[in-house]
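Novice: heads up, no residue letters with this:
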Ligand SMILES: NC(=O)c1ccc[n+]([C@@H]2O[C@H](COP(=O)([O-])OP(=O)(O)OC[C@H]3O[C@@H](n4cnc5c(N)ncnc54)[C@H](OP(=O)(O)O)[C@@H]3O)[C@@H](O)[C@H]2O)c1
């Protein structure tokens, strides 16, 4: 029986994870559930899954959550605050941690799970973008295993030889020439910069193929999501920036591909449903039913591929630039993006200005080699403050 901690249980990935867990009560148990402020939704999940521990990250809501669980007659213990997340990630309450908190807020619990040698199902791409070298060191020291559940990286993990997928062998030594990430292109694929000037948050979060949280939906619309994934692929598979390509594939059926030296290209295909990657990560190396309908190739009939438009969607180019710069540059990119996307979702920043804010932050803050967590947290705060200043100067 796997005891699974689901961090971000009330979100889109959290919901998909719990759906897979519920399908296999003999194999998986949700032992820890955590959310930020949605205490009502978290209490409802506790009634359904009866975890040992429920964590609400905002301490102001701990009493509310406790009262709800008492009213429901549950024995689930309650904790609150970011430290409780890291503590639970490292505790014997779980052997598996699903890192599905959105943004930098997920970093410390993700690192704690890695250090404690857990099986880490990583959805929280911002954590590895910010702190790739620290996360890899924590995994090495803790002896844990990282199963990528971002659909593209899960596809690469499946299409790579096992030694390369788990970084035991360099990609070139395994005959790998390129990692090719697919991108749906988001809701604004094919649009020009002029078309994007007056985009509203509701238009930006209306993704054509995937139902996801609001932040990642905006990231998909700007192509920053793909940029973050390029950086994630670099750290996960030890791939040079030149060995990672992006191709736009509007149907979101081919989730990513690996090109080999002999000309073979191996891809992973499936319907766009995160339960495939999550079931793979939970059951690996076995495979279990995930509730995902079979892929009907004949009904699909065609698969299209196009180059990304880096002039209109500048965030992807900025992410490659931050990756090439290295050190703390990806953390600066990520923090500036989180601030700019939140302002856009709040109606405070135009869509096209998201890239302007990020570019200005990358220009203004010098990147340094990554040393430790304290340095990265300080860099994150510095970049957030710079992004706020930039927004006031540019548009707000
Ligand atoms: N959705 C997808 O299909 C998908 C695919 C690949 C990767 N990902 C990645 O997975 C992560 C989650 O995405 P999502 O779409 O599931 O997001 P989401 O639907 O917005 O859910 C976010 C979850 O994180 C929790 N949370 C937010 N801030 C927190 C904090 N400060 N401390 C603790 N918990 C916090 C939220 O709790 P409340 O409900 O209380 O706010 C919620 O449970 C992101 O990093 C995203 O890039 C998502």
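Specialist: Nice, thanks for sending it over. Computed from a prediction, not measured in an experiment: that's the story for all the values here.

Novice: how deep is the residue of the chain found nearest the ligand tucked in, by neighbour count?
Specialist: Going by Cβ to the nearest ligand atom, the ligand is nearest to residue 11 of the chain, at 2.0 Å. The way it works is simple: take the backbone N, C-alpha and C, and place the C-beta from them, glycine included. Residues lying near residue 11 (other Cβ atoms under 10 Å) number 23.

Novice: got phi/psi on it?
Specialist: Note on residue 11: its backbone torsions stand at phi -90, psi -170 [degrees, to the nearest 10].

Novice: what sits against it?
Specialist: With contact set as Cβ atoms under 8 Å, 6 or more residues apart in numbering, residue 11 has these partners: 35, 100-102, 213.

Novice: look up phi and psi at residue 12.
Specialist: Per-residue torsions, residue 12: phi -60, psi -50 (degrees, to the nearest 10).

Novice: give the burial count for it, as a bare number.
Specialist: Counted with other Cβ under 10 Å, residue 12 comes out at 19.

Novice: hmm, residue 212 and it touching each other?
Specialist: Yes - judged on Cβ atoms under 8 Å, residue 12 makes contact with residue 212 at a distance of 5.0 Å.

Novice: pLDDT weak spots in the stretch 151-300 of the chain?
Specialist: Applying pLDDT under 70 to the stretch 151-300 of the chain picks out no residues at all.

Novice: those strands in it, which residues are they?
Specialist: 176-183, 244-248, 254-260, 265-269 (DSSP state E, counting those that start in this stretch).

Novice: tell me the span between the first and last residue of stretch 205-225.
Specialist: Distance across stretch 205-225, first residue to last, is 13 Å (Cα to Cα, to the nearest Å).

Novice: is it up against the ligand anywhere?
Specialist: Yes - counting by Cβ under 6 Å from any ligand atom, contacts between stretch 205-225 and the ligand involve 210, 212-213, 216.

Novice: from these, list just the buried residues.
Specialist: 210, 212-213, 216 (16 or more other Cβ atoms under 10 Å).

Novice: just how off-centre is stretch 20-32 within its chain?
Specialist: From the chain centre to the centre of stretch 20-32 is a distance of 22 Å (Cα atoms, centre = their mean, to the nearest Å).

Novice: got the contact list for it?
Specialist: With contact meaning Cβ under 8 Å, 6+ apart, stretch 20-32 is reached by 1-7, 9, 18, 45, 48-49, 51-55, 88, 93-94, 275, 278-279, 282-283, 288-291.

Novice: list the buried residues in it.
Specialist: So, applying 16+ other Cβ under 10 Å, buried residues of stretch 20-32: 20-21, 24, 28-32.

Novice: rewinding a little: among the contacts of stretch 20-32, which are in reach of the ligand?
Specialist: residue 9.

Novice: the contacts of stretch 20-32 in helices, which ones?
Specialist: The members of those that map onto helices under DSSP state H are 18, 45, 48-49, 88, 275, 278-279, 282-283.

Novice: re the thing from before, which pair in the buried ones among the residues of stretch 205-225 next to the ligand spans the largest distance?
Specialist: Spanning the widest gap among these are 210 and 213, at 10.3 Å by Cβ to Cβ.

Novice: just checking, residue 31 is part of a helix?
Specialist: No - counting by DSSP: H, G, I helix; E, B strand; the rest coil, residue 31 is not found in a helix; it is strand.

Novice: roughly how far apart are it and residue 61?
Specialist: 21 Å (Cβ to Cβ, to the nearest Å).
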